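Undergrad: okay, sequence plus prediction incoming.
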Amino acid sequence: MKVALLLLSALTASSAFVVPNANTRLPSNLFKSDKSDKSDEEEVASTMGAKSMSALTKDVKTIFTSEEIDKILPHRYPFALVDKVVEYKAGKSAVGIKTITKNEPQFNGHFPDRPIMPGVLQVEALAQLAGIICLQMEGAEPGAVFFFAGVDGVKWKKPVVPGDVLVMEVEIKKWRAKFGIAKATGRAYVDGELAVEVSEMTFALAK
């Protein structure tokens with residue numbers, strides 16, 4: 001009799017730990033993961049929206065607008081490659097902006113299926129930014145024509161494509177007013193990454 005009771009109690013106790021078979025339906029919320037909830041929260045938190053994103057550049061002040069640049073440089077569409085100047089030290093340096101759009105004519109052929117801003121135009125944009133400085137220095141006049149006399153140490157680091165904002169900086173290293181000769185260095189960035197750099201650009205004012 002005691003043996004029977006012991007066997008009965010053992011079977012009753014073990015039934016509480018029986019592993020369910022494949023056909024056993026468990027409550028749907030028993031092993032519910034909160035990963036989906038967390039990912040939704042993270043997505044909402046990472047979304048800035050237009051207003052917040054636009055505010056990232058609120059402290060960037062325009063020194064020369066596009067219209068003001070037209071009074072300094074002789075270049076016009078489709079070869080005006082500086083949209084605005086946001087930093088400027090007279091006779092020394094400048095930071096300028098060139099916004100790349102797919103409506104620019106060079107993308108019809110460079111290249112039809114993969115538009116890329118030609119490297120020579122990137123260097124030209126840097127040269128125009130340098131021109132904004134040089135044409136306001138002693139011995140030069142706004143609107144004057146200046147020529148490329150030489151360029152050395154050009155390195156392209158990444159493609160520049162429609163939708164990019166090319167942030168350029170140039171520094172005047174030498175200016176010989178008597179001969180109208182200037183030397184400058186330049187580099188440009190997209191999203192904080194170096195896109196192109198030029199060790200030396202030489203310019204000559206047209207006589």
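TA: Okay, I see it.
Undergrad: give me the buried stretch members for the lengthiest helix in the chain, please.
TA: The single longest helix within the chain, with elements called by DSSP state H, is helix 119-134. For helix 119-134, a neighbour-count test (16 or more other C-beta atoms under 10 Å) marks 121-134 as buried. C-beta coordinates here come from the backbone N, C-alpha and C atoms, glycine included.
Undergrad: dump the residues you listed to a markdown table, plus pLDDT and distance to residue 90.
TA: Output for the buried residues of helix 119-134, formatted as a markdown table (pLDDT from 0 to 100; distance: C-beta to C-beta, whole Å):
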| residue | pLDDT | distance to residue 90 |
| --- | --- | --- |
| 121 | 98 | 27 |
| 122 | 98 | 25 |
| 123 | 98 | 24 |
| 124 | 98 | 23 |
| 125 | 98 | 21 |
| 126 | 98 | 18 |
| 127 | 97 | 18 |
| 128 | 97 | 17 |
| 129 | 98 | 14 |
| 130 | 97 | 13 |
| 131 | 96 | 14 |
| 132 | 97 | 11 |
| 133 | 97 | 8 |
| 134 | 95 | 11 |
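Undergrad: return the member of the residues you listed nearest to residue 156.
TA: residue 122 (7.3 Å; C-beta to C-beta).
Undergrad: the closest one and residue 100, how far apart?
TA: 10 Å (C-beta to C-beta, to the nearest Å).
Undergrad: now do the shared contacts for the two.
TA: Shared contacts of residue 122 and residue 100 (C-beta atoms under 8 Å, 6 or more residues apart in numbering): 160, 166.
Undergrad: for the buried residues of helix 119-134, which one is nearest residue 157?
TA: residue 122 (10.5 Å).
Undergrad: hang on, the earlier thing: for the longest helix of the chain, what is the distance to the chain centroid?
TA: Remark: helix 119-134 is offset 18 Å from the chain centroid, using C-alpha atoms, centre = their mean, to the nearest Å.
Undergrad: what is it packed up against?
TA: Where contact means 3 or more C-beta pairs under 8 Å, 6 or more residues apart in numbering; DSSP states H and E, helix 119-134 is packed against strand 84-89, strand 93-99, strand 146-156, strand 165-176, strand 181-190, strand 193-205.
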